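Asks: Return a 3D structure for these sequence lines:
(chains A, B and C)
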Amino acid sequence: MTTVMIRAVLLSVFAWLPLASHSEEPQYGGELNVVTVYRTLSALSWDPADWVWKQNHDTGMVREQLIGADLSQSVGRGGNYHFVSDAYLPEAAFRGELAESWAFEQRPGQGRVLVFKLRRGVMFQALPGVMRAREMDAEDVVFSYNLVNNSPKLIATYFDHIEKVVAVDKYTVEFHFKAFFAEWAYRFGYGYYSAIVPRETADIDRKNWKNVVGTGPFQLSSYIQGNSQIYSKNQHYWGTEQLQGRDYKIPFVDKLKYRIIKDEATAYTALRTAKVDIQESIRWLVVDHLRETTPELKWSRRLVETGKFIALRLDQKPFDDVRVRRAVNMAVNQREIVELFYGGHAELFAYPQHPSYSGYFEPLAAMPAAVRELYDYNPQRARELLTEAGYPNGFSFNVQVCSCNPGSMDLIPLIKDYLSRVGVELVIQPYEYASHLSLMTTGSHGEGYFMDNGHTNPTTTLRKSFGSGQTWNPSRYSDPAFDVMMATVYATEDEGQREALVRQLTRDILLQAPYLFLPTVYVYSAWWPWVKNYSGELRAGAVNPGPIYARIWIDQKMKKAMGF
Amino acid sequence: MTAIAAKAASARPARRGLVITFALKLWREKRLGAVGGILFLLFLVCGIFAQWLAPYGINETNLAYRLTPPSLAFPFGTDHLGRDMLSRVLMGAQLSMLVGFLAAGLATVISVVLGLASGYFGGKVDMLIQRMVDAWMTFPDLVLLVVVISIVGAGIVQIVVVLGLLYGIAGSRIVRGAVISAREQMYIHAAQSIGGGTFYILWRHVLPNIMPVVIVLFTTRIGAVILSEAALSFLGLGVPPPAPTWGGMLSGAGRTYMYVGPWLAVAPGLCLTIVVYSVNVFGDALRDQLDPRMKGSR
Amino acid sequence: MRYLLRRLLALIPTLFFASIIVFASMRMIPGDVIDLMLAQNDISTGQDRARLEAALGLDQPIVSQYFSWAGKALQGDLGRSLWKNTPVTEQLLERLPITFELGFLALLIALAVALPVGIYSAIRQDTAGDYVARSFSLLMLAIPGFLLGTVVMIYPSVWWRWSPALEYTPFMVDPLQNLSHMLVPATLLGLSISAVTMRMTRTMMLEVMRQDYIRTARAKGVGELTIVLRHALRNGLIPVVTLVGLQAPLLLGGTVIFEQIFVVPGMGILLLDAVSQRDYPVISGVFLVVGVAILLINLLVDLSYGWLDPKVRKQ
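Replies: Numbering: from 1, shown residues only, chains lettered A, B, ... in the order given. Coordinates of the predicted model:
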């Protein structure tokens, strides 16, 4: 209690002092506590050969990749990019991390070759009992590629576009392609599975968290599963950050701590009482209240890169008829959902392309009338279409929803209500997470399947959901012409051409209305004002926040002045 | 009128009078327990007649009215989808009562049967039953519930059966303990020496003597079952939405909107607490009154 | 002594019978672990499924899977987590002491509250004190644990910018910090289970106090306190001891809620996560360890009957 009182006194005393210890000179030291965007998940695996999607999130500050994000182009620093996409980096925002430069060459007899020139003087951290600190070289890149490519858990076809990877000299690596592949950087560049690890880790137990080693700004010093992951500063890190014309060695903070907090209410409490400095996943529901109770916080928001929808099975009645599919879309008042249910914290149209995919995304206004109609509320027209299609008295259908998703569980009674007004009965069938997922992967889901599906990037968002036979294609959409076009997209080198093709494909899909489209929600991040050189960026590569945290400095003087 | 019929005719009013006399006695001597009983009865009645008492439907969403505080139109306010909380809480009473009574009843029957068999006969029967109880009780409740609910689907029946089994088998140990103690009493030895049959002894002597324990068991079970359902909802395993169980409302929207709309949590939370509380004090009082050995001494 | 050995031996078939049921039933739940793993990635084919199954040893018939697991378990090897590929034993050794600490602290608090209050209530039956004590105890029982926990977590942070510690510190690293972190959840958990123990204590105390031998003792002029302590307490404690034994599994189930709200990385959360991820070796491992713990506790309870109730000992 006394600490609270002291805080209150200090706060009131300092409240009227201009907080103008605005020395923009960055301070070294301090501890950064983060409740991350994957708040409830501990590390799933430390071994690259395990092919676990979350790995970069847990090791991206210890290991580095060939390509990362050019954070100097972030909106907070005056640029154009927010860097919040899960796994998409536009080419214009690429920055060589471990690679200094790269270029495609066309070699007679060898086809397309991607040549990387590596950065010199980059040192691997020392790992007692395994290796001394030494310089990274091309052999390590080859080793890292082979480690994932030869793993028994390899995802088939993931690296099918690569013939072989060769170390030409100490600082040059060549990727020999079978043919050009547009997603090359996503697959091995800045992607989920392209961390560079030292050759010495070939025969050690990589599953052990103590053996995580790389070239990055931090080292993993403590891991308590379900509680915290603590990273300590790597004193010999090669990277620097330019602030006000000067170069500073990074990282600034001594310790970076991931705090795993399963309970939502507890996580907000941790933020409110400054037990954590940054929280990256705040639901829109609590934003107003948090702003009220904790006005000192700074905010940013992002439109999630996830589509929310009810997938309608095209291979079964009644949704084999496009008129029925269009009808249910018109029967639901998506605009009202945005205004009244989400209180404005949502966007009407953000799927399958995400508004941040400039060049690939077309706004609703630019879409043909037949697509725009789907997002208008027109129960009258819906009834007409249903009658036309042979369902004058409506029909009943099952929707399987995951009880693990509170947003969906809240929405579905609303949708049920809207549909009942046009005579369609929606039967809600809740399932627990794994069971719900299984329904889709085994193809035993019902006429309606309520789900969230990540975009990933402008090309994957279409391929994974609408390519024939894909796992994440719950509507069983299958169009040979589409599949052919998708393959063409992947083989198209010119981005402008690719964008045009993708835009066309997106329109085609929307016209077919394979889903009951629902609005996309905003999610918020908040942080205390002593967190500097940060404006809400999330990822500098596929689920990789390492470079972002390395550039943050804590204004410890301000923190103390504020009573924490 | 024959003498027998006359006697029968005069006996009936006497029996009715017995219940009323008992109730009055309870009121006089155990005020708190009586109040508890009345409260519980009130909730029971609300639960039974929920459909008629509810002013609105439980699933009538109306976004324009979402999260309005309690008012004349909506005495308990509305939830985040604009549904009337009073109606939902009333239906919740029905669901909670149903689940509570059925599961607790099942549990008590199981406990008594197993406890009696195990405690009275001892020896091999005891060993066998206790081994089974042990095996059962090594199951963490959670695994059992996830398994059953995932295989058979979530629903009231499944939850009733599983909770009934869970508490029933666990409770048999308490009954067994009481039976073991009772078994050694003087009058049991006396009855056995007189030559009373096993069933007769169990029915006339053992059962009435462990009745206090059984009654308390039943009443605590009702409360425990209702609370368990709430906890299951918190973990995502309870009766699934949009069914308006108190537990579901409390652990779902209640917790989420605790700041902006505390009435979402207060209404079901208060009801839950009151029901569990009142059923427990009532059970206590009932036991005190029923057990002949409790009265009059000291 | 022979009785003890017999009981210990009897544990083994019980455990394995139960383990078979859990092993089999986990596989019956829809939602395969392979589906979950494959679903992480955007592209996967039938080949991937077969390869993953082989890599995880799940392509064997279930019977041989069970026997290979059981065989290794007898040697102390509980297999490796399907997701993390770390030994299950390691994970359990990390988490079990944490849950045990939480449960033990809660039990201490529960008994510290329940026994005195129960005895007091029995001795001063039907006085105001009795009513107040019982009412408070019942209130703690009636309010759902997660509600109490949430209220404790939310409102102080809004009103006073205070919250309990939200990070677990191992006891060996900093005992004071560790205890202060566990204190709030242990207290809430303890209070909520104290009610049942208190009621049972009171009930049995009341029964026992009316026994003939108590009357005799009183008639002989033995002091009230002596009566309570030496005679009434001993016999009244039998069902209470049963109840304490029963609390063990309930505590392991009940801790989940407080583990979640107060960030205590214990077995409850481990189990919950493992179930939702279908991590079979972890689930079986947790179940086995929990089972052994509970069975041992029950054994202790049975043995204590003999010590507490001399009439039973004669059996």
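Asks: Residue A:378 is in contact with residue A:330, isn't it?
Replies: Yes: assessed by Cβ atoms under 8 Å, residue A:378 is found in contact with residue A:330 at 4.5 Å. Any C-beta I mention is one placed from the backbone N, CA and C, and that applies to glycine too.
Asks: Compare neighbour counts for those two and give me the winner.
Replies: Taking neighbours as other Cβ atoms under 10 Å in any protein chain shown, residue A:378 and residue A:330 compare with residue A:330 leading, 24 against 18.
Asks: any idea how far residue A:469 lies from residue A:491?
Replies: In this structure, residue A:469 and residue A:491 are separated by 20 Å, where distance is defined by Cβ to Cβ, to the nearest Å.
Asks: cool, and residue C:118?
Replies: Separation of residue C:118 from residue A:491 (Cβ to Cβ) stands at 79 Å.
Asks: So which of these two has more stuff around it?
Replies: In this view residue C:118 and residue A:491 are compared by other Cβ under 10 Å, and residue C:118 has more residues nearby, 28 against 13.
Asks: any idea how far the more buried one lies from chain B?
Replies: Going from residue C:118 to chain B by Cβ to the nearest Cβ, to the nearest Å gives 12 Å.
Asks: can you pull the contacts of that residue?
Replies: Neighbouring residues of residue C:118 by Cβ atoms under 8 Å, 6 or more residues apart in numbering or on different chains: C:197-202, C:205.
Asks: Among those residues, which one sits closest to residue A:220?
Replies: residue C:197 (44.2 Å; Cβ to Cβ).
Asks: and the closest one, how many residues sit next to it?
Replies: Neighbours of residue C:197 under the rule other Cβ under 10 Å: 25.
Asks: isn't it right next to residue C:110, touching?
Replies: Yes: taking Cβ under 8 Å as the definition, residue C:197 is a contact partner of residue C:110 at 6.0 Å.
Asks: re the thing from before, which one of the contacts of residue C:118 has the most neighbours?
Replies: Taking other Cβ under 10 Å as the neighbour criterion, residue C:198 ranks highest of these with 30 neighbours.
Asks: Check which helices and strands the helix or strand harbouring it is in contact with.
Replies: In the assignment (DSSP states H and E), residue C:198 maps to helix C:175-209. Helices and strands touching helix C:175-209, as assessed by 3 or more Cβ pairs under 8 Å, 6 or more residues apart in numbering or on different chains; DSSP states H and E, comprise helix B:207-234, helix B:263-290, helix C:88-123, helix C:128-142, helix C:145-160, helix C:233-262.
Asks: Which one of those lies nearest to residue A:248?
Replies: For residue A:248, the closest of the helices and strands packed on helix C:175-209 is helix C:145-160, at 35.2 Å, according to Cβ to Cβ.
Asks: Could you check how far residue A:68 is from chain B?
Replies: If you go by Cβ to the nearest Cβ, the gap between residue A:68 and chain B works out to 37 Å.
Asks: give me every residue that touches that residue.
Replies: Going by Cβ under 8 Å, 6+ apart, the list of residues near residue A:68 reads A:94-97, A:190, A:540-541, A:544, A:547.
Asks: hmm, 7 Å instead?
Replies: Under the criterion of Cβ atoms under 7 Å, 6 or more residues apart in numbering or on different chains, the neighbours of residue A:68 are A:95, A:97, A:190, A:540-541, A:547.
Asks: try residue B:250
Replies: Counting by Cβ under 7 Å, 6+ apart, residue B:250 makes contact with B:230, B:265, B:268-269, B:272, C:144, C:147.
Asks: Give me the nearest residue to the residue in the stretch 1-150 of chain C that chain B sits nearest to, chain neighbours excluded.
Replies: As assessed by Cβ to the nearest Cβ, chain B sits closest to residue C:142 within the stretch 1-150 of chain C, at 3.7 Å. The shortest distance from residue C:142 to any residue other than its chain neighbours is 3.7 Å, reached at residue B:276 (Cβ to Cβ, 6 or more residues apart in numbering or on different chains).
Asks: Do I have it right that that neighbour meets residue B:223?
Replies: Yes: applying Cβ atoms under 7 Å, one finds residue B:276 in contact with residue B:223, separated by 3.7 Å.
Asks: what is in contact with the two at once?
Replies: Listed contacts common to residue B:276 and residue B:223 are residue C:142; contacts here mean Cβ under 7 Å, 6+ apart.
Asks: These two - which one has more neighbours?
Replies: Shown here are residue B:276 and residue B:223; by other Cβ under 10 Å, residue B:276 has more neighbours (28 against 25).
Asks: Touching, residue C:203 and residue B:214? I think so.
Replies: No: in terms of Cβ under 7 Å, residue C:203 does not count as a neighbour of residue B:214; the distance is 11.5 Å.
Asks: what about these two, which has more around it?
Replies: A direct count of neighbours by other Cβ under 10 Å for residue C:203 and residue B:214 places residue C:203 higher, at 25 against 21.
Asks: Check the gap between the more buried one and residue C:125 for me.
Replies: Residue C:203 sits 11 Å away from residue C:125 when distances are taken as Cβ to Cβ.
Asks: Quick check: closest non-adjacent residue to residue A:144.
Replies: Looking at residue A:144 with Cβ to Cβ, 6+ apart, the closest residue is residue A:196, at 4.8 Å.
Asks: Repeat that for residue A:332.
Replies: Closest residue to residue A:332 apart from its sequence neighbours, by Cβ to Cβ, 6+ apart: residue A:418 at 4.6 Å.
Asks: Model confidence score at that neighbour, please.
Replies: Looking at residue A:418, its pLDDT reads 92.
Asks: How about residue B:62?
Replies: We note a pLDDT of 80 for residue B:62 in this prediction.
Asks: Provide the secondary structure category for the residue lying closest to it once chain neighbours are set aside.
Replies: Counting by Cβ to Cβ, 6+ apart, residue B:62 lies nearest to residue B:82, which is 3.6 Å off, once chain neighbours are set aside. Of the three states, residue B:82 takes coil according to DSSP: H, G, I helix; E, B strand; the rest coil.
Asks: Torsion angles phi and psi at residue B:82?
Replies: The phi/psi pair for residue B:82 (degrees, to the nearest 10) reads phi 80, psi 20.
Asks: doesn't residue A:430 fall inside a helix?
Replies: No: using three-state DSSP, the assignment for residue A:430 is strand, not a helix.
Asks: I figured it hits residue A:398, correct?
Replies: No: under the criterion of Cβ under 7 Å, residue A:430 lies out of contact with residue A:398, with a separation of 11.3 Å.
Asks: Between the two, which is the more surrounded one?
Replies: Comparing residue A:430 with residue A:398 by neighbour count (other Cβ under 10 Å), the higher total belongs to residue A:430, at 24 against 14.
Asks: sorry, back to before: from the contacts of residue C:118, which single one is nearest residue A:443?
Replies: Looking at the contacts of residue C:118 and their distance to residue A:443, the nearest is residue C:197, at 51.8 Å (Cβ to Cβ).
Asks: What helix or strand is the closest residue in space to residue C:256 that isn't next to it in sequence located in?
Replies: If you skip the residues right next to it in sequence, residue C:256 has residue C:268 as its closest partner in space, 3.4 Å away by Cβ to Cβ, 6+ apart. In this structure, residue C:268 sits in helix C:267-277 according to DSSP H and E.
Asks: so what does that helix touch, helix or strand wise?
Replies: Under the contact criterion of 3 or more Cβ pairs under 7 Å, 6 or more residues apart in numbering or on different chains; DSSP states H and E, helix C:267-277 touches helix B:141-152, helix C:88-123, helix C:233-262, helix C:280-308.
Asks: got any ranges where the stretch 1-150 of chain C has weak pLDDT?
Replies: The model of the stretch 1-150 of chain C has pLDDT under 70 over residues C:1-2, C:4, C:22, C:25-31, C:40-47.
Asks: Now with 90, please.
Replies: Applying pLDDT under 90 to the stretch 1-150 of chain C picks out residues C:1-97, C:99-101, C:103-104, C:106-108, C:110-150.
Asks: Would you mind listing what in the stretch 351-500 of chain A touches chain B?
Replies: If contact is defined as Cβ under 7 Å from any Cβ of the partner chain, the residues of the stretch 351-500 of chain A in contact with chain B are A:403-404, A:406, A:409-410, A:413-414, A:417, A:428, A:430, A:432, A:435.
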